[in-house]
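Enquirer: Okay, structure incoming, though there's no sequence with it:
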């Protein structure tokens, strides 16, 4: 059984920033970063005050993020509430 049914939404993306785009715009800070696997948007995690990654997922319908933290190689689907690695995704190779 697959942990997520949104694998088809994963693209080979390039992160669009080196920090949370929204936090940088308002002069705020974040704890951890996530990259949207549909469009490459970089935003802060749900442990951060602003939770911009999950807000992005809801606002634009992009369900999956990848950790943008050094030494972390996992993804999260907001819709299915499931964590997984790219190796779990059929026919996808990480750049």
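Expert: That came through, no problem. This structure is a prediction, so every number in the text was calculated from the model and none was measured.

Enquirer: Kindly state the beta-bridge partners for the residue nearest to the spatial centre of the chain.
Expert: Nearest to the mean C-alpha position of the chain, counting by C-alpha atoms, centre = their mean, stands residue 65 at 1.8 Å. With DSSP bridges applied, residue 65 shows beta-bridge pairing to residue 36, residue 76.

Enquirer: State the distance from it to residue 27.
Expert: With distances taken as C-beta to C-beta, to the nearest Å, residue 65 is found 23 Å from residue 27. For glycine as for every other residue, the C-beta is placed from the backbone atoms N, C-alpha and C.

Enquirer: I'd assumed residue 35 was in contact with the residue nearest to the centre of the chain.
Expert: Yes: using C-beta atoms under 8 Å, residue 65 and residue 35 qualify as a contacting pair, with a distance of 6.2 Å.

Enquirer: could you say what helices and strands the helix ranked longest in the chain packs with?
Expert: Taking DSSP state H as the assignment, the helix of the chain that covers the most residues is helix 52-60. For helix 52-60, the packing partners by 3 or more C-beta pairs under 8 Å, 6 or more residues apart in numbering; DSSP states H and E come out as helix 21-26, strand 33-36, strand 42-44.
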